[in-house]
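Student: let's see this in three dimensions:
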Amino acid sequence: MEQESIRLFFENEQKKDEESRKKLQKSYDRIAWLRLVVFLGAVVLLYLGLTKRPMQELYLVGGFIMLAGFLVLIRLHDGIEKQQRMLAARIAAVEAYPARLGTGWREFPEDGGRYLQKEDTVCRDLDLLGPGSLYQMVNICQSAYGKWRLADVLKDPYTLVSERKERQEAIRELADNPSFLLDYESAVRRAFVDGRKHPTRDDDTKKPGNTYKPGKIRFAGWMGMLMVLVPMMNLAVVVAILIGMIQPAWILVSFLVGYGITAGCKGKLDSQMRGIFSSEMTSGQIYPIFQTIQDTDFHSEKLVSIRERVVGNDGMMVAQKKLSHLADLKNLDYNPVVGMLLTGFLGWDFFLAFLGARWDEKHGEAFAGSFDIVAEVEELGSLAVLSVVRPTILPELTGTDREEKGRTGLHFRNLAHPLLDPETVVSNDGELESPLTVITGSNMSGKTTFLRTVAINLVLSYIGAGVVADEFSSDYRHLFTSMRVQDDVAGGISTFYAEILRVREMADYIRKGHGIPALCLIDEIFKGTNSADRIVGAEEALKRLSVGGSMVIVSTHDFELCNLKQQDGSPADNRHFEESYADDKLVFDYKMKDGPCTTRNARALLHLAGLMDASGAEDPA
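Tutor: Now for the predicted structure:
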């Protein structure tokens, strides 16, 4: 969709959601009042039925009927409340998209920074994770499982290259179906709305994952005996009252005995059920998530496979449906009044334990496979978000294990940075095929942004996402970056030495002759030392890096590097960015051009800042 069409789509979704919110609130209020009236009626009739008077038995029966009606209204009320919570989740999901169309997404609280490790230099350099990152922009994951998965994909895009074609088709299909993305995110957002701590895997990673173990719930024989005893005891008392054998007040005694028996066993019963109700992942909330998958007719191979795993013969959807019903029954006792009545009259916790044990026996195995599916669709959906809010194309990638070797290098038309405002971002055309490309240009002319634009779109192409361009093709390469290099005071490492370590990592990789050639992107090489050492060091380092099929793209202010020769004696390819002047102001077009740069703007910037006069002398002030 075009940007304006997308904007209108989400505006219409917001209007529809607001209308639905008002209708649900009216229904909620009406049933709340009706529930109160019915409850008061039940209290009055039960009181009349428990005191000596004519037609005492009819009052008692009427009271129980009213009480049953009260329970039905509670279920209806809870159903509307569930719809309200789901709608609230959907409203939150919809509201995020207009922000993504511009730069408002930078205010999103979840930026993925907590997943960054010290060694994740490429992620920092390219803004894949952390404040102002790709993760912050596209993330629709609400489960800890999905958030971890998305972060892992961005941190290590090479592991999924073999699945790239299938992922491309799935991500494109999701991008063409924003309604599904909204419904799915809403369902997951609702399931994880309380933000409770998610269980972690038992392996060394300790990442979020499924710790549910089928077959661990046990329903002992004594539990079954008490499950029958409590309601039968209360039923016998009611019958005895109706036929006049005992006084109605005995129903209170029976209730208290049943309540005492059940409450006394509650600790043991809860321990049995903890495997089902201890976390949001096992509380029946996954069923609405899977319903969105069930209700969608997918066509891509990966999404069809996911849907079959959910609704196929393995019983996963059935397991979730049964668990959802079980959770609804469990939720009945959250109401204090209803909880007391169910506990005292029916021994409710015994029934829940019995149903839980049967569910575990029949459906536990199928349920255990649910967690990874939730995360996988969240991750794919997040990457699809980019193609919803930005114009993207499916890139061509050659040189992977599954694809034929094609032309080498980078070829692109209207390539743009996905994190910049689409209203102002400047795109570039280019063909970079030389083992060594030197990019020169004035301060703020766009050199660094261009390097990041190339790299972040390459990462997107590796993981099957769309890239922000009209055309984009590349051969498959291992990415190395040296951009946001910082010193380490505690570790005794200067900025210059930190740069050296980055470049040495690149050189080591190239020297070892890995199967995947390297692409090294270096911004302002060796800027942490003096110009004489910088030029000599850069010449030697760049010659070592641009061998063995690797490619190096380096930006620099040192025009001397424009004359650099490669290892085989051929000259480096030169590109540049430049500026112009209008009304005593610097103007940048951010367009890459052939050849070396011939202009400088440091003196002009100092003059504009009031630190140097127009002649080049220092400002006497």
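
Student: burial check on Ala507, number of neighbours?
Tutor: By other Cβ atoms under 10 Å, the residues close to Ala507 number 18. Every residue, glycine included, has its C-beta placed from N, CA and C.

Student: one more: Ser434?
Tutor: Ser434 has 19 nearby residues by other Cβ under 10 Å.

Student: quick one: it from Gln566, how far?
Tutor: Distance, Ser434 to Gln566, using Cβ to Cβ, to the nearest Å: 8 Å.

Student: what's the answer for Thr262, then?
Tutor: For Thr262, the distance to Gln566 - Cβ to Cβ - is 82 Å.

Student: and the helices in the stretch 451-600 of the chain?
Tutor: 495-511, 531-545 (DSSP state H, counting those that start in this stretch).

Student: closest one to Leu50 among these?
Tutor: Closest to Leu50 of these, according to Cβ to Cβ: helix 495-511, at 82.5 Å.

Student: for the residue nearest the centre of the chain, give me phi and psi.
Tutor: Taking Cα atoms, centre = their mean, the centroid of the chain lies closest to Cys141, which sits 2.1 Å from it. Dihedral pair for Cys141: phi -70, psi 130, per degrees, to the nearest 10.

Student: same question for Leu397.
Tutor: Here Leu397 shows phi and psi, under degrees, to the nearest 10, equal to phi -130, psi 120.

Student: let me see the contact set for it.
Tutor: Val161, Arg164, Glu403, Ser461, Tyr462, Ser473, Ser474, Asp475, Tyr476 (Cβ atoms under 8 Å, 6 or more residues apart in numbering).

Student: most neighbours out of those, which is it?
Tutor: Going by other Cβ under 10 Å, Ser474 tops the contacts of Leu397 with 26 neighbours.

Student: who does it form a beta bridge with?
Tutor: Counting by DSSP bridges, Ser474 is bridged to Leu397, Leu410.

Student: let me see the contact set for it.
Tutor: Ser474 neighbours (Cβ under 8 Å, 6+ apart): Pro395, Glu396, Leu397, Thr398, Gly409, Leu410, His411, Leu458, Ser461.

Student: dump the residue contacts of the first one.
Tutor: Spelled out, it's Pro395. Contacts of Pro395 by Cβ under 8 Å, 6+ apart are Asn457, Leu460, Ser461, Gly466, Val467, Ala469, Phe472, Ser473, Ser474.

Student: a markdown table for the residues you listed, including distance to Tyr28 and pLDDT?
Tutor: As requested, those are exported to a markdown table (distance: Cβ to Cβ, whole Å; pLDDT from 0 to 100):
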| residue | distance to Tyr28 | pLDDT |
| --- | --- | --- |
| Asn457 | 48 | 97 |
| Leu460 | 44 | 97 |
| Ser461 | 48 | 96 |
| Gly466 | 41 | 96 |
| Val467 | 46 | 97 |
| Ala469 | 49 | 97 |
| Phe472 | 51 | 97 |
| Ser473 | 55 | 95 |
| Ser474 | 55 | 94 |
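
Student: mutual contacts of Ser434 and Gln566, please.
Tutor: Common neighbours of Ser434 and Gln566 (Cβ under 8 Å, 6+ apart) are Ala572.

Student: report the buried residues of stretch 337-357.
Tutor: 338, 341-357 (16 or more other Cβ atoms under 10 Å).

Student: in helices only, show me these.
Tutor: Counting by DSSP state H, the buried residues of stretch 337-357 place 338, 341-346, 348-357 in helices.

Student: give me the nearest residue to Lys266, chain neighbours excluded.
Tutor: Asp349 (5.7 Å; Cβ to Cβ, 6 or more residues apart in numbering).

Student: got JSON lines for the helices of the stretch 451-600 of the chain, with distance to Gly446 and mean pLDDT too?
Tutor: Output for those, formatted as JSON lines (distance: least, Cβ to Cβ, whole Å; pLDDT from 0 to 100):
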{"stretch": "helix 495-511", "distance to Gly446": "22", "mean pLDDT": "89"}
{"stretch": "helix 531-545", "distance to Gly446": "21", "mean pLDDT": "84"}
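
Student: nearest to Leu48, of these?
Tutor: helix 495-511 (84.8 Å).

Student: rewinding a little: ok, the contacts of Leu397 vs Tyr590, which is closest?
Tutor: Nearest to Tyr590 among the contacts of Leu397, with distances taken as Cβ to Cβ, is Ser474, at 21.3 Å.

Student: can the helices of the stretch 451-600 of the chain go into JSON lines with extra columns for distance to Leu76?
Tutor: JSON lines is the format used below for the helices of the stretch 451-600 of the chain (distance: least, Cβ to Cβ, whole Å):
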{"stretch": "helix 495-511", "distance to Leu76": "63"}
{"stretch": "helix 531-545", "distance to Leu76": "69"}
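
Student: how about the ones you listed, which one is nearest Val554?
Tutor: Among the helices of the stretch 451-600 of the chain, if distance is taken as Cβ to Cβ, the winner is helix 531-545, at 6.3 Å.

Student: with just CA atoms, put that closest one into PDB.
Tutor: C-alpha atoms of helix 531-545 as PDB (Å, rounded to 0.1, in the frame of the first residue of the first chain):
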ATOM      1  CA  SER A 531      46.900  12.200  10.400                       C
ATOM      2  CA  ALA A 532      50.300  10.900   9.500                       C
ATOM      3  CA  ASP A 533      50.000   7.600  11.400                       C
ATOM      4  CA  ARG A 534      46.300   7.400  10.300                       C
ATOM      5  CA  ILE A 535      47.200   7.500   6.600                       C
ATOM      6  CA  VAL A 536      50.000   5.000   6.800                       C
ATOM      7  CA  GLY A 537      48.000   2.700   9.000                       C
ATOM      8  CA  ALA A 538      44.900   2.900   6.800                       C
ATOM      9  CA  GLU A 539      46.800   2.200   3.600                       C
ATOM     10  CA  GLU A 540      48.300  -1.000   5.100                       C
ATOM     11  CA  ALA A 541      45.100  -2.200   6.700                       C
ATOM     12  CA  LEU A 542      42.900  -1.600   3.700                       C
ATOM     13  CA  LYS A 543      45.300  -3.500   1.400                       C
ATOM     14  CA  ARG A 544      45.100  -6.500   3.800                       C
ATOM     15  CA  LEU A 545      41.300  -6.400   4.000                       C
END
